[in-house]
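Enquirer: Sequence first, then the predicted structure:
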Amino acid sequence: MIVGTAGHIDHGKTTLVRALTGTDTDRLKEEKARGISIELGYAYVPGPDGEVLGFIDVPGHERLVHTMLAGACGIDAALLVVAADDGVMPQTREHLAILDLLGIADGAVALTKADRADDGRVAALGAELGQLLAATSLRAAPVFVVNATAAGDPGVAALAAYLAALRPSAPRRRSAALFRLAVDRVFTLAGHGTMVTGTAFAGRVAVGERLTLLPGGAEVRVRSIHAQHRPADAGVAGQRLALNLGGVEPRQIERGHWVADARGLVPTSRIDARLKLLDGPARPLGPWAPVHVHFGATRQTAHVVPLEDEAVAPGASARVQLVFDGTVCGAPGDRFIVRNAQATATIGGGVLLDPGAPARRRRSAERRRYLDAVERMLAEGSSEALVAASPWGISVADLMRATTAPVDLAAPPAGVRALDTGPRPAEQFLIAAGHYASARERALGALGDFHAAAPDEPGPDAARLRRIAAPAMAPRLWRALIDELVAEGSLHRLGVWLQLPSHAAALTARDHEAAGRLEPLLAAGGFDPPWVRELASRTGEPEARVRQLLAALGREGRAHQVVHDLFYARQALESLAAVAAALALEHGKIQAARFRDAIGVGRKRSIQILEFFDRVGYTRRAGEARVLREGSGWRPDR
């Protein structure tokens, strides 16, 4: 367990930690010269059960609250220190508000410098503290009267015994989760190289493991570990760890970075969160209000975007999106603190919900349902609500980031399908059976509507059908759904095109013979094939029959109608598509004039061909030009 000090400057936090542990946490020359803590200090004391109790000693100066927060976000219990002679001071109140916002419910209060106050003063201060603590998470914390400078002080002894026996009332760290450590200090140790220290927020790490430095992404190797100030082969959630890292230089690491299993964290600049503002004179936070945000060991400026009302009022709790000025990493359930734009006062805090927050449709009903599910997951510890709230499925990678835990694909929750959508486990998808059935119906219904609207076309490719029926579904999951529909015979593949079984062309022997005379004429026309009227004249067939035969060839993918009564042979469109692809590769886009010059037909016909490519999903308009669609399955050369 990690205990963090809190309290006003010069109230004796460091002296008390030294009395409890025998360690002077002021290690800097400036700290010793000035007699105040400037940086985080660390101390450890063995417990009666062999466990080691860790202490983080924080600065108490109002200008160093950001440093205090870097330590406070990683503690399990608090030691609030109040000097008996000074009493409750501004930083006492701010630090206590921070502990409350962080949800720290375990700990104790130490009335230090008891030798400087009489019994009446101590009793009055105790009563004042009782009222102050009553409305906070530390309402049950006992008060110890101590004189930390006196050898063998009974108050210090009683406090030490209490902390040694203290166990968190609710586990704040999960050892079964994916490992992550919040870096609060980085330095070089002679003979070892790069060292980082911090609190392990989750998971387990062993010597020799490879992890990732985030948000930068550099891969590191754990050479050695000190857990709670002792050499160890492994470290677990809730411990303070010192990791000797290979593969990275100290200049690449900053306080606020994470050393983590990359599957559990994603670099982001947007995090949806639940924010609670403190009561007080602070103004409501409206759209794009600037703030300073602290979580883990991170300190970053951000803007608040309310997701419910137009502003968050003092004393209120509401969902917001935090839009950061830089790149950060956080996990659902992490507690955070918000300070004002000038970083002079703590104004609120809350819980991170989703580090994958979108920039658009952040207030949509679907988004609200998903955030409802995240909050249920955090309250109940189950991921089933997330899957149920994901109508288009959720990838294993996203589910691991949401839960910060591995996902067992062999045993999905009841009513959930695990689909094989990629070679790696993280690429698989989970989707509720009801959502999957609905997506199947949408796919078949949309394909039927497509055939009705374009009876002369063979059908859309899979990517085009996805854009019509389920644009929000991930392409990998959509491909798995289409593969299943094809395998069971609910739809057919004709090359890259998809068809309902009822849409297949049904040509008689005479039809085949007549179509066989049409195809060479189309092919001979190349980039300027004959129109239906000319084909009818050459073959002696009625125009209506020529249209019928060409439409049948279209349903078989052997010809394509570019405009009314003008069909191109498949081979000609393969060549035209290759010309468009070459122009896109050379110039980054396809301009009508360049395309016209490349194929040698008029501007009107060139635009008609490009509009056909738009229609079938091969290209899309980008201003006055076209670009190839990424991920489109339609290629006439397949």
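Expert: Cool, the structure landed.
Enquirer: OK, contacts around the residue lying farthest from the centre of the chain?
Expert: Distance from the C-alpha centroid of the chain, by C-alpha atoms, centre = their mean, peaks at Gly540 (65.3 Å). With contact set as C-beta atoms under 8 Å, 6 or more residues apart in numbering, Gly540 has no partners. Heads up, the C-betas are built off the backbone N, CA and C, glycines and all.
Enquirer: On the pLDDT front, check it for me.
Expert: pLDDT, Gly540: 89.
Enquirer: same check, this time on Gln548
Expert: So, for Gln548, pLDDT stands at 82.
Enquirer: my read is it is in a strand, agree?
Expert: No - counting by DSSP: H, G, I helix; E, B strand; the rest coil, one finds Gln548 to be helix, located in no strand.
Enquirer: So the closest residue to Asp528 other than its chain neighbours: helix, strand or coil?
Expert: Nearest non-adjacent residue to Asp528, counting by C-beta to C-beta, 6 or more residues apart in numbering: Val601, 5.6 Å away. On the three-state scheme (three-state DSSP), Val601 is labelled coil.
Enquirer: quick one: Val601 from Phe595, how far?
Expert: 9 Å (C-beta to C-beta, to the nearest Å).
Enquirer: When the two are compared, which one has more neighbours?
Expert: Higher neighbour count among Val601 and Phe595: Phe595, with 22 against 17, using other C-beta atoms under 10 Å.
Enquirer: Just the pLDDT for the more buried one.
Expert: pLDDT, read off for Phe595, is 95.
Enquirer: And for the one 5 residues further on?
Expert: According to the prediction, Gly600 has pLDDT 94.
Enquirer: now the residue nearest to Asp528: how far from Pro520?
Expert: Taking C-beta to C-beta, one finds Val601 at 20 Å from Pro520.
Enquirer: what does Gln252 give?
Expert: Counting by C-beta to C-beta, the gap from Gln252 to Pro520 is 66 Å.
Enquirer: Tell me the predicted confidence for the residue lying closest to Gly7 once chain neighbours are set aside.
Expert: Of all residues not flanking Gly7 in the chain, Val81 sits nearest, at 3.7 Å (C-beta to C-beta, 6+ apart). Turning to Val81, the model gives it a pLDDT of 95.
Enquirer: which element is Val81 on?
Expert: strand 77-83 (DSSP states H and E).
Enquirer: So which elements touch that strand?
Expert: strand 2-6, helix 13-21, helix 90-101, strand 107-112 (3 or more C-beta pairs under 8 Å, 6 or more residues apart in numbering; DSSP states H and E).
Enquirer: looking at these, which is closest to Val579?
Expert: helix 90-101 (62.2 Å; C-beta to C-beta).
Enquirer: hang on, the earlier thing: among Gln252 and Pro520, which residue is more densely surrounded?
Expert: Taking other C-beta under 10 Å, Gln252 and Pro520 do not tie; Gln252 has more neighbours (15 against 10).
Enquirer: Got the phi and psi for that one?
Expert: phi -90, psi -10 (degrees, to the nearest 10).
Enquirer: and the longest strand for the protein?
Expert: strand 317-328 (DSSP state E).
Enquirer: Sheet-wise, list the partners of the next helix or strand after it with their directions.
Expert: Next along the chain after strand 317-328, taking DSSP H and E as the criterion, comes strand 335-339. In the sheet, strand 335-339 lines up against strand 289-295 (antiparallel), strand 346-354 (antiparallel) (DSSP bridges).
Enquirer: picking that back up, separation between the residue nearest to Asp528 and Leu576?
Expert: From Val601 to Leu576 the distance is 10 Å (C-beta to C-beta).
Enquirer: Residues that sit against both of the two, list them.
Expert: Residues within reach of Val601 and of Leu576 at once, by C-beta under 8 Å, 6+ apart, are Phe527.
Enquirer: Next, the buried residues of stretch 421-428.
Expert: Going by neighbour count (16 or more other C-beta atoms under 10 Å), the buried part of stretch 421-428 is 421-422, 428.
Enquirer: what about Ile98, how many residues close to it?
Expert: Neighbours around Ile98, by other C-beta under 10 Å: 24.
Enquirer: was I right about it contacting Gly71?
Expert: No - taking contacts as C-beta atoms under 8 Å, Ile98 lies outside contact range of Gly71: 10.8 Å.
Enquirer: just the helices and strands packed on strand 77-83: most buried one?
Expert: Comparing these on average neighbours per residue, with mean count of other C-beta atoms under 10 Å, the densest one is strand 2-6 at a mean of 27.
Enquirer: Can I get that one in PDB, CA atoms only?
Expert: The C-alpha coordinates for strand 2-6 follow below in PDB (Å, rounded to 0.1, in the frame of the first residue of the first chain):
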ATOM      1  CA  ILE A   2       1.100   3.500  -0.800                       C
ATOM      2  CA  VAL A   3       0.400   6.300   1.700                       C
ATOM      3  CA  GLY A   4       0.600   9.900   0.500                       C
ATOM      4  CA  THR A   5       1.100  13.000   2.700                       C
ATOM      5  CA  ALA A   6      -1.100  16.100   2.300                       C
END
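Enquirer: follow-up on the earlier one: closest to Glu51 out of the helices and strands packed on strand 77-83?
Expert: Per C-beta to C-beta, nearest to Glu51 of the helices and strands packed on strand 77-83: strand 2-6, 11.6 Å.
Enquirer: quick check: angle from that closest one to helix 13-21?
Expert: Relative orientation of strand 2-6 versus helix 13-21 (axes from the mean of the first three to the mean of the last three C-alpha atoms, to 10 degrees): 150 degrees.
Enquirer: what's strand 2-6 packed up against?
Expert: Under the contact rule (3+ C-beta pairs under 8 Å, 6+ apart), strand 2-6 is packed against helix 13-21, strand 52-57, helix 65-72, strand 77-83, helix 90-101.
Enquirer: for the helices and strands packed on strand 77-83, which one sits closest to Arg493?
Expert: helix 90-101 (56.5 Å).
Enquirer: same for the closest one, what does it pack against?
Expert: Helices and strands touching helix 90-101, by 3+ C-beta pairs under 8 Å, 6+ apart, are strand 2-6, helix 65-72, strand 77-83, helix 119-134, strand 335-339, strand 346-354.
Enquirer: TSV please, covering these and showing distance to Arg299.
Expert: Shown next, in TSV, are the helices and strands packed on helix 90-101 (distance: least, C-beta to C-beta, whole Å):
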stretch	distance to Arg299
strand 2-6	16
helix 65-72	5
strand 77-83	20
helix 119-134	27
strand 335-339	9
strand 346-354	13
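Enquirer: rank those by pLDDT, which is bottom?
Expert: helix 65-72 has the lowest average pLDDT among these, namely a mean of 84.
Enquirer: circling back to that earlier point, go through the strands paired with strand 335-339 and pick out the most buried.
Expert: Using mean count of other C-beta under 10 Å, strand 346-354 ranks as the most buried of those, with a mean of 25.
Enquirer: which residues sit against that one?
Expert: Under C-beta under 8 Å, 6+ apart, the answer for strand 346-354 is 65, 94, 97-98, 101-102, 271-278, 280, 282, 285, 291, 295, 312, 317, 319, 330-340, 370-371, 374-375, 378, 402.
Enquirer: between it and strand 317-328, how many degrees?
Expert: 80 degrees.
Enquirer: now the angle from strand 346-354 to helix 65-72?
Expert: Using the same axes, to 10 degrees: strand 346-354 against helix 65-72 is 40 degrees.
Enquirer: that older thread, identify all contacting residues around the strand holding Val81.
Expert: With C-beta under 8 Å, 6+ apart, strand 77-83 has contacts from 1-8, 10-13, 16, 55, 72, 88, 92, 95-96, 99, 104, 106-113, 116, 125, 129, 138, 141, 163, 166, 168.
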